[in-house]
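1. for reference, the sequence and a predicted model appear below.
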Amino acid sequence: MPESFSGDVSARRERMEKIALFRYQLIREAADESVTSRQRGPMVRALAAREHSGPFGGTVVVSKDTIDRWIRLWRRGGFDALKPRGRTQGPVTPSQVLSLAATLKRERPSRTAAQVRRIMVDTLGDAPSESTLLRHFRTLQIDTTTREVFGRFEADYPNELWVGDGLHGPRIGGRKTYLFAFLDDHSRLVVAARWAFAEDSVRLTAALRPALQSRGVPGTIYVDNGSAFADESLARTCARLGIRLTHSKPYRPQGRGKIERFFNTVTSQFLTEITVVTPTAHHDDNDLVGSVISSQDELNALFTSWVEMVYHQAVHSSTGQTPIARWDAGWATRRPDRRDAAVIAEAFRWSAVRTVTKSATVSLQSNTYQVDPILVGTRVELVYDPFDLTAPITVNTAGGVPAGEATLTEVRRHVHKKAERAAADTADNGARNAQSGIDYLRLVQTRHKNTMPTQAISFTRLAAPTPEPRVSEDLR
């Protein structure tokens, strides 16, 4: 038995002895067999009416009922019966379990006690309570400080308000990753989330468009003033779908507490379990902790499983419900605003303003398009699909009046260069599984695959309108 563990047991036994001795000294006269019931009543009431020197200093007051209970315990079991219950067998939690908890915390200091407990439950089937783990960490002088951000406002029903933001993530293959996420304000459900290699409007589209198809169209989207969220393409999408787009004031992010709290959860429960490696580099397996990844695809796959199997299934401290249960309950008397997939696809088309040349042509991404000769010399709006520059392009006059379509006459680029880079984000550079320790996120991913099989969203398939995907009733 480790010396520190043995010392804890000895100290606990000494404490129980002192408590039992205090109780015995307090009741010894009233508990004497020579004292009758009639005599004992006044004696117990007198003991309950005054203060007593406590077993560890200070003074204490003990109720009449407690004194009577101690007398009964002493008569049935003697001195040992006066010791606190459940303490005579030593610590409830086995030392090896507490040792594993300390190891999990030390190898990832950002893990909270709640996160350590989740890992142990998934690994061992059971775990000590969070309070027990916190006490153990503090005894070992392991830092347990955390930071949380809370919001006060709450939407009255699902899809009334989505709050969106971006989170900086780990570097993979030398490139920084970013999480685009949208949270339903009422239920705290993650309606949209995707990791990408850049903070731009194209990657934002990759996260938001599938969400509008599967979750429905929200009444309001509330975002900050980051470049991707301030881009005209998002404003146009919201306008086309009748979504109210609002931005928080710089340095005054009121109402964004819920997504900030969600990002804290992502950091403490998900990112803390990720270890990024280079596929071609040699790594000592003994140094690899948690879920080892080497590609963005792996990051997104693990994150999707974590959201569906952990975050959506955990009771939220503010609502008292799991996000998925609160989301489902919110639709008991309502129906989500669902749009045809073609309508949503149209809303995500981009636009550009060009001046029509004397030959009735316009240029877009090095391609040349023919328009109606009547438009020569005027400025027109071109509405196009950035993922397919060969598809029909809608032409509108400066006043927004439809003016036919632009016909491709010379093609040099089939995909917008920003869309091309975004599509390349999904290239898989290989994967490597963890060989040591507990791979918590892959355990979660396995559970997700076994219970809620889904098909990963391919960003390149967003180029053309597709039928609305079937969504499991568990996700609605």
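-> That came through, no problem.
2. burial count for Gln25?
-> 12 (other CB atoms under 10 Å). Where you see a C-beta, it was placed from the backbone N, CA and C, and this is true even at glycine.
3. hmm, I typed the wrong one, I wanted Thr139.
-> With other CB under 10 Å as criterion, Thr139 counts 12.
4. any idea how far Thr205 is from Glu232?
-> 13 Å (CB to CB, to the nearest Å).
5. apologies, that question was intended for Gln365.
-> 17 Å.
6. okay, the two: which has more neighbours?
-> Using other CB under 10 Å, the more surrounded residue of Gln365 and Thr205 is Thr205, with 25 against 18.
7. per-residue pLDDT, the residue nearest to the more buried one when sequence neighbours are not counted?
-> Nearest non-adjacent residue to Thr205, counting by CB to CB, 6 or more residues apart in numbering: Phe348, 5.6 Å away. Looking at Phe348, its pLDDT reads 87.
8. same question for His414.
-> Looking at His414, its pLDDT is 87.
9. quick one, what contacts it?
-> By CB atoms under 8 Å, 6 or more residues apart in numbering, the residues touching His414 are 388-390.
10. buried members of the residues you listed into PyMOL, please.
-> To isolate the buried members of these in PyMOL, using 16 or more other CB atoms under 10 Å:
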select buried, resi 389
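11. of the contacts of His414, the lowest pLDDT goes to which?
-> Asp388 (85).
12. secondary structure class for that residue?
-> coil (DSSP: H, G, I helix; E, B strand; the rest coil).
13. does it touch His416 like I think?
-> No: using CB atoms under 8 Å, Asp388 makes no contact with His416, being 9.3 Å away.
14. residue ranges for the helices of the stretch 301-450 of the chain, please.
-> Counting by DSSP state H, counting those that start in this stretch, the stretch 301-450 of the chain has helices at residues 323-330, 341-347, 417-424, 440-451.
15. out of the ones you listed, which comes closest to Ser95?
-> Counting by CB to CB, Ser95 lies closest to helix 440-451 out of those; the figure is 22.3 Å.
16. return the list of helices and strands in contact with that closest one.
-> Contacts defined by 3 or more CB pairs under 8 Å, 6 or more residues apart in numbering; DSSP states H and E place helix 440-451 against helix 113-124, strand 291-293, helix 296-306.
17. need these in a markdown table with mean pLDDT and mean neighbour count, can you?
-> Below are these laid out as a markdown table (pLDDT from 0 to 100; neighbours: other CB atoms under 10 Å):
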| stretch | mean pLDDT | mean neighbour count |
| --- | --- | --- |
| helix 113-124 | 84 | 19 |
| strand 291-293 | 86 | 24 |
| helix 296-306 | 92 | 22 |
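18. residues near Ser201, how many?
-> For Ser201, the count of nearby residues is 23 (other CB under 10 Å).
19. what's stretch 59-78 in contact with?
-> Against stretch 59-78 from outside (CB under 8 Å, 6+ apart): 23-24, 26-27, 30-31, 40, 44-45, 47-48, 50-54, 81-82.
20. now a ChimeraX select for only the buried ones of the residues you listed.
-> Here is the ChimeraX command that picks out the buried ones among the contacts of stretch 59-78, judged by 16+ other CB under 10 Å:
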select :23,26,27,30,31,40,44,47,48,81,82
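21. among the contacts of stretch 59-78, which are located in strands?
-> Using DSSP state E, 52-53 are the members of those that sit in strands.
22. quick one, what contacts Val310?
-> With CB under 8 Å, 6+ apart, Val310 has these contacts: 118, 269, 444.
23. closest one of those to His316?
-> Gln269 (13.4 Å).
24. where does that closest one sit: helix, strand or coil?
-> Per three-state DSSP, Gln269 ends up helix.
25. Ser363 and Thr355 touch, don't they?
-> No: counting by CB under 8 Å, Ser363 stays clear of Thr355, with 9.6 Å between them.
26. who's more crowded, the two?
-> Ranked by neighbour count (other CB under 10 Å), Ser363 and Thr355 place Ser363 first, with 15 against 12.
27. report pLDDT for that one.
-> pLDDT at Ser363 comes out at 95.
28. what sits against it?
-> Contacts of Ser363 by CB under 8 Å, 6+ apart are 354, 369.
29. of the helices of the stretch 301-450 of the chain, which is nearest Glu199?
-> So among the helices of the stretch 301-450 of the chain, helix 417-424 is nearest, using CB to CB, at 11.6 Å.
30. host element of Arg236?
-> helix 232-241 (DSSP states H and E).
31. run through the neighbouring helices and strands of the helix or strand following that helix.
-> Counting by DSSP H and E, the element after helix 232-241 in chain order, helix or strand, is strand 244-247. Counting contacts by 3+ CB pairs under 8 Å, 6+ apart, strand 244-247 is packed against strand 220-223, helix 232-241.
32. circling back: least reliable of the helices of the stretch 301-450 of the chain going by mean pLDDT?
-> Minimum mean pLDDT among the helices of the stretch 301-450 of the chain: helix 417-424, a mean of 70.
33. quick check: mean pLDDT of the helix holding Arg236?
-> 86.
34. ditto for stretch 313-320
-> On average, stretch 313-320 scores 89.
35. then stretch 191-209?
-> 90.
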